[in-house]
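[1] the following comprises the amino acid sequence and a computationally predicted model.
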Amino acid sequence: MSTENEGNEGNAVPSAPSVPSAPPVPAAAPEGTPQGGPPAPEAPPAAPADAPTAQVPAATHHDGTGRAHHDGAAPAAAHEQHPYTPPSPQQPPAGSAGWPPPPPAVPSYADGGGSSPTWGAPVPSDPEPPRKRRASGLVAAVAVAALVAGGVGGALGYWAADSNDSGSSSGSTTVAASNSPKDFKREAGTVAGVAASALPSVVTIDAQSGDGEGGTGTGFVYDKEGHILTNNHVVASAADSGQLTATFSNGKKYDAEVVGRAQGYDVAVLKLKNAPDGLTPLALGDSDKVAVGDSTIAIGAPFGLSNTVTTGIISAKDRPVASGDGSSNKNSYMSALQTDASINPGNSGGPLLDAGGAVIGINSAIQSTSGGGVGQSQAGSIGLGFAIPVNQAKNVAEQLIRTGQPVYPVIGATVTMEEKTGGAVISEEGAGGTPAVTPDGPAADAGLKAGDVITKFNDTVVESGPTLIGEIWTHKPGDKVTLTYKRDGKTATAELTLGERKGDS
């Protein structure tokens, strides 16, 4: 529900009364002359036509559309000031008919609802004590303050310029503050300190496919040899026949090439061509030790805005996420770190840092209100961002640098991808009619069968097939794990050793 101009009716209001043509008296003049008081002073001489006039800016605000709107409370608030009283015109002899002229009719909105004296009415010699206002009066008071401040600032600004122009030619009168930002020393643990240290190691990646299509993402320096760690979906369009460039925060741009990429993990490694000397890799943290509530700092190029820094916290851990890039029917699976740091399209592949500046994750996906899923749609952040834990990303990166292809741990069974099934259900058959449980594979050796429902992976509750896959992929081939499953309403456990699958299928 919009609250813009709240409390102001939409009906048209009567027009304000015309103001006498005589020049107004200064704003500080009283609202009227008490009866029996001294005669009104003569009107001041009119200002020259070329005299500068201080302009009072109208208070404006913006709504969600980006259009500026005049604050509906400002006009009413302006009448809280003492109204100008027209100077006494040349008076006819006392007792002449038609003098004094009758006061003009003032509509109720002109004096804030009729509480102020009407035009020309006498006012008490001592001002009345301030009246209690309703809560809605706060908005009007703020608007008045803004108008007054604007007027005073304009007047002082003109006075300073006029004095400087007409005075001695001593140069600028500005004074540099001793505590200006360039003199601040930002501690290493502050957001500013972390950003200053990390930004030189973060790059904006431009990926252009062979047909000219592409997009922008983020990456960061992984090692001194010039390897850049990022998301697979950032570079996929240009991996085979396109062009990749990486631009550092100092504006220097380098061509890059794909060393290897893992579609299932959504991880890719690039290498800079003609990498410069002195590259500083970002320190890698330990994502297993991250706790909910820990501070986070995200760096990236949301919507192409390079070197953007946002902050938040770890909102959850081990969040099962299946994400896609919107251009293929293949998904990536992760047991993600969830953060409320603002992450948008273009942040993909950028580092998620802890309070000390160490990488704890790779920003990869967002929950969007449009499209109904988790991925990289062009909707903006709603505070639900997901990052690949850096421990997993490091293992994948080392595989890609070493062999150029990913290695996936597997249990040797095909599970359904349906949600809310109470676990990961082993399918009746695998892809292309193959057995759902691979003969002589880890699951077969542990006694698992088609139709079994896996409910736990070690101590982690499994709610669906994607949850199970995400948990499996946080491990390495050869790791020993324990599965809890249900068969015919009975619960059992099985221990098995994870197998491996090379490459993306």
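    Happy to help now that I have it.
[2] now for the chain, the helix or strand with the poorest mean pLDDT.
    helix 137-166 (a mean of 34; mean pLDDT, DSSP states H and E).
[3] could you point out which element follows it?
    Going down the chain from helix 137-166, the next helix or strand is helix 191-198, by DSSP states H and E.
[4] got the buried residues for that following helix?
    By neighbour count on 16 or more other C-beta atoms under 10 Å, the buried set for helix 191-198 is 191, 194, 195, 197, 198. Bear in mind the C-beta positions are built from the backbone N, C-alpha and C, glycine included.
[5] list the contacts of the first one.
    Shown in contact with residue 191 (C-beta atoms under 8 Å, 6 or more residues apart in numbering): 297, 309, 311.
[6] what do you get if the cut-off is 7 Å, keeping everything else the same?
    The neighbours of residue 191, taking C-beta atoms under 7 Å, 6 or more residues apart in numbering as the test, are 297, 311.
[7] per-residue confidence for it?
    pLDDT recorded at residue 191 is 94.
[8] same check, this time on the third one
    pLDDT recorded at residue 195 is 94.
[9] any idea how far it is from residue 188?
    According to C-beta to C-beta, to the nearest Å, residue 195 stands 11 Å off from residue 188.
[10] and the longest strand for this structure?
    The longest strand of the chain (DSSP state E) is strand 308-323.
[11] any low-confidence regions in the stretch 151-300 of the chain?
    151-184 (pLDDT under 70).
[12] please enumerate the helices of this protein.
    73-78, 137-166, 191-198, 232-235, 390-403, 442-445, 465-472 (DSSP state H).
[13] please look at residue 290 and residue 314 and confirm they touch.
    Yes - using C-beta atoms under 7 Å, residue 290 makes contact with residue 314 at a distance of 5.6 Å.
[14] which neighbours do those two have in common?
    The overlap between the contact sets of residue 290 and residue 314 (C-beta under 7 Å, 6+ apart) consists of residue 337.
[15] so residue 349 sits right up against residue 230, yeah?
    Yes - Residue 349 lies in contact with residue 230 (C-beta under 7 Å); the separation is 3.3 Å.
[16] shared neighbours of these two, anything?
    Common neighbours of residue 349 and residue 230, counting by C-beta under 7 Å, 6+ apart, are 205, 217, 218, 219.
[17] a markdown table for the residues you listed, including neighbour count?
    Shown next, in a markdown table, are the shared contacts of residue 349 and residue 230 (neighbours: other C-beta atoms under 10 Å):
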| residue | neighbour count |
| --- | --- |
| 205 | 28 |
| 217 | 27 |
| 218 | 29 |
| 219 | 30 |
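[18] beta partners of residue 337?
    residue 387 (DSSP bridges).
[19] how many residues are close by it?
    Close neighbours of residue 337, defined as other C-beta atoms under 10 Å, add up to 29.
[20] on that earlier part again, distance to residue 226 added to the buried residues of helix 191-198, as TSV?
    Listed next are the buried residues of helix 191-198 as TSV, based on distance: C-beta to C-beta, whole Å:
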residue	distance to residue 226
191	28
194	23
195	23
197	20
198	18
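[21] any idea how many residues pack against the nearest residue to residue 388 once chain neighbours are set aside?
    In space, and not counting its chain neighbours, residue 388 is closest to residue 362: 4.5 Å by C-beta to C-beta, 6 or more residues apart in numbering. For residue 362, the count of nearby residues is 32 (other C-beta under 10 Å).
[22] state the distance from residue 362 to residue 483.
    Distance from residue 362 to residue 483, by C-beta to C-beta: 28 Å.
[23] residue 504 too?
    In terms of C-beta to C-beta, residue 504 sits 25 Å off from residue 483.
[24] show me what contacts the closest residue to residue 221 other than its chain neighbours?
    Once flanking residues are discounted, residue 221 sits nearest to residue 201: 4.4 Å by C-beta to C-beta, 6+ apart. Neighbouring residues of residue 201 by C-beta under 7 Å, 6+ apart: 220, 221, 280, 281, 282.
[25] quick one: the strands in the stretch 201-350 of the chain?
    Assigned by DSSP state E, counting those that start in this stretch, the strands in the stretch 201-350 of the chain fall at 202-208, 214-221, 227-230, 243-248, 253-262, 267-272, 295-300, 308-323, 332-339.
[26] now the stretch 351-500 of the chain
    351-353, 359-367, 374-375, 385-389, 407-410, 424-425, 453-457, 460-461, 480-487, 490-497, 499-502.
[27] please name every helix or strand in contact with the second one.
    This means strand 359-367. Judged by 3 or more C-beta pairs under 7 Å, 6 or more residues apart in numbering; DSSP states H and E, strand 359-367 is in contact with strand 308-323, strand 332-339, strand 351-353, strand 374-375, strand 385-389, helix 390-403.
[28] dump the first one to PDB, keeping only the CA atoms.
    In PDB, the C-alpha atoms belonging to strand 308-323 read as follows (Å, rounded to 0.1, in the frame of the first residue of the first chain):
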ATOM      1  CA  THR A 308      30.300  -3.100  -5.900                       C
ATOM      2  CA  VAL A 309      30.600  -4.000  -2.200                       C
ATOM      3  CA  THR A 310      27.600  -5.100  -0.100                       C
ATOM      4  CA  THR A 311      27.300  -6.600   3.400                       C
ATOM      5  CA  GLY A 312      25.100  -9.000   5.400                       C
ATOM      6  CA  ILE A 313      25.300 -12.100   7.500                       C
ATOM      7  CA  ILE A 314      25.200 -15.800   7.100                       C
ATOM      8  CA  SER A 315      21.400 -16.500   7.200                       C
ATOM      9  CA  ALA A 316      21.600 -20.300   7.000                       C
ATOM     10  CA  LYS A 317      24.000 -23.200   6.200                       C
ATOM     11  CA  ASP A 318      23.600 -26.400   4.100                       C
ATOM     12  CA  ARG A 319      20.700 -24.900   2.100                       C
ATOM     13  CA  PRO A 320      19.900 -27.300  -0.700                       C
ATOM     14  CA  VAL A 321      19.800 -25.400  -4.000                       C
ATOM     15  CA  ALA A 322      19.300 -26.500  -7.500                       C
ATOM     16  CA  SER A 323      20.100 -23.600  -9.800                       C
END
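[29] so for that strand, mean pLDDT?
    pLDDT averaged over strand 308-323 gives 93.
[30] next: the fifth one.
    Here strand 385-389 scores 95 as its mean pLDDT.
[31] list the contacts of that strand.
    Taking C-beta under 7 Å, 6+ apart as the rule, strand 385-389 contacts 266-267, 287, 319, 321, 334, 336-339, 341, 343, 352, 361-366, 374.
[32] pull out the buried members of these.
    By 16+ other C-beta under 10 Å, these give 266-267, 287, 319, 321, 334, 336-339, 341, 343, 352, 361-366, 374 as buried.
[33] gap between the two ends of stretch 256-274?
    9 Å (C-alpha to C-alpha, to the nearest Å).
[34] which of residue 349 and residue 230 has more neighbours?
    Remark: of residue 349 and residue 230, residue 230 carries more neighbours, 34 against 31, as counted by other C-beta under 10 Å.
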